[in-house]
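Visitor: I need the structure of the sequence given here:
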Amino acid sequence: MGTLDVRKLLAEALGTALLVVFAVGTATIMFGFGADGSSFASGVVTTALAFGLVLLALAYTFGPISGCHVNPAVTMGFVVSGRMKLPEALGYWVAQFVGGIVGALVLWGIVSGSPSYSRKTTGLGADGFDKASHIGLNATAAFGAELVLTFLFVFVVLGVTSKIAAPGFGGLAIGLALTAVHLVGIGLTGTSVNPARSLGPALVVGGTALSQVWLFIVAPLIGGAIAALAHTYFFPAEPVTALPTAIPAARRPPNTPPRGRR
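Guide: You can find the predicted model right below:
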């Protein structure tokens, strides 16, 4: 494996860890520490914005390195659409899950410094269904919700990163899409749409979160695959050799001098 590949994997791991620390950290603070019904609406908006803004920042930071997938479902979309080879995707998946676990451990280490924190009652922003869902969504409905939410998110990612998309605005669209799916999904399942984001907190919290995490791994991956098939149908002219990056790096033609120099 070359140096460039290692940089990509480290970028994916670090990006996923930061997403968990900041975005899942916001969810933990808003819903874990004595949250009640009156604060639910503000918690939804705040958490949705945290996920969207963090991903937007990460997309423009790590995009030129790895594409800033930081999400196994997004990587699945790139594989199914033919824009990424499976061997590279396997490395991305490992890096993302490791990053999600490390991020959850870091977050747990921070919030456990509060005397009011309890891993059992406060949790760590884990997703869930049945009693773990704000509206008591059953497993079948939760699976469908995660599939649809992930479909929208990955479909947007694939669309705004294609070679026919307007350059420079991919990160903004991706961040807004993640915000939108959280505005709907938090009340349903807590919103995963990202298996790595779900596995890390579930491993730390254990119990119900860990027993239910299978749904938040399987459903987003299927949703990402379906989004890729839909993208291929609507944009059949998209070349299979497209860059596997979410935010392609700007390139200057070779042997072209910098501006202002002759």
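Visitor: now the helices for the chain?
Guide: Listed from the start of the chain, the chain has helices (DSSP state H) covering 3-19, 25-32, 40-66, 72-80, 86-111, 139-160, 170-185, 195-205, 207-234.
Visitor: what about the stretch 151-262 of the chain, any weak spots by pLDDT?
Guide: Low-confidence regions of the stretch 151-262 of the chain, defined here as pLDDT under 70, cover residues 237-262.
Visitor: how about a cut-off of 50?
Guide: 239-245, 249-252, 261-262 (pLDDT under 50).
Visitor: Let me see the contact set for the closest residue to A230 other than its chain neighbours.
Guide: Using Cβ to Cβ, 6 or more residues apart in numbering and skipping residues adjacent in sequence, the residue nearest A230 is F155, 6.0 Å away. Yep, even glycine has a C-beta here, placed from its N, CA and C like the rest. Applying Cβ atoms under 8 Å, 6 or more residues apart in numbering to F155 gives the contacts G77, A227, A230, H231.
Visitor: ok, and the most crowded of those?
Guide: Taking other Cβ atoms under 10 Å as the neighbour criterion, G77 ranks highest of these with 31 neighbours.
Visitor: my guess is that residue meets H231, correct?
Guide: Yes. The pair formed by G77 and H231 meets the contact definition of Cβ atoms under 8 Å, at 7.5 Å.
Visitor: who touches both of the two?
Guide: Jointly contacting G77 and H231 under the rule Cβ under 8 Å, 6+ apart are F155, L158.
Visitor: Export the contacts of F155 as CSV, with columns for distance to V98.
Guide: Rendered in CSV, the data for the contacts of F155 read as follows (distance: Cβ to Cβ, whole Å):
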residue, distance to V98
G77, 20
A227, 24
A230, 30
H231, 28
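Visitor: Any idea how many residues pack against the closest residue to L172 other than its chain neighbours?
Guide: In space, and not counting its chain neighbours, L172 is closest to L56: 6.3 Å by Cβ to Cβ, 6+ apart. Here the count is done by other Cβ under 10 Å, and L56 has 20 residues near it.
Visitor: Enumerate every residue touching L56.
Guide: The neighbourhood of L56, defined by Cβ under 8 Å, 6+ apart, consists of G171, L172, I174, G175, L176.
Visitor: just L55 next, same as before
Guide: Neighbouring residues of L55 by Cβ under 8 Å, 6+ apart: L19, A23, C68, V70, I174, G175, L178.
Visitor: Please look at the fifth one and V157 and confirm they touch.
Guide: What that stands for is I174. Yes. Look at I174 against V157 with Cβ under 8 Å: they come within range, at 5.6 Å.
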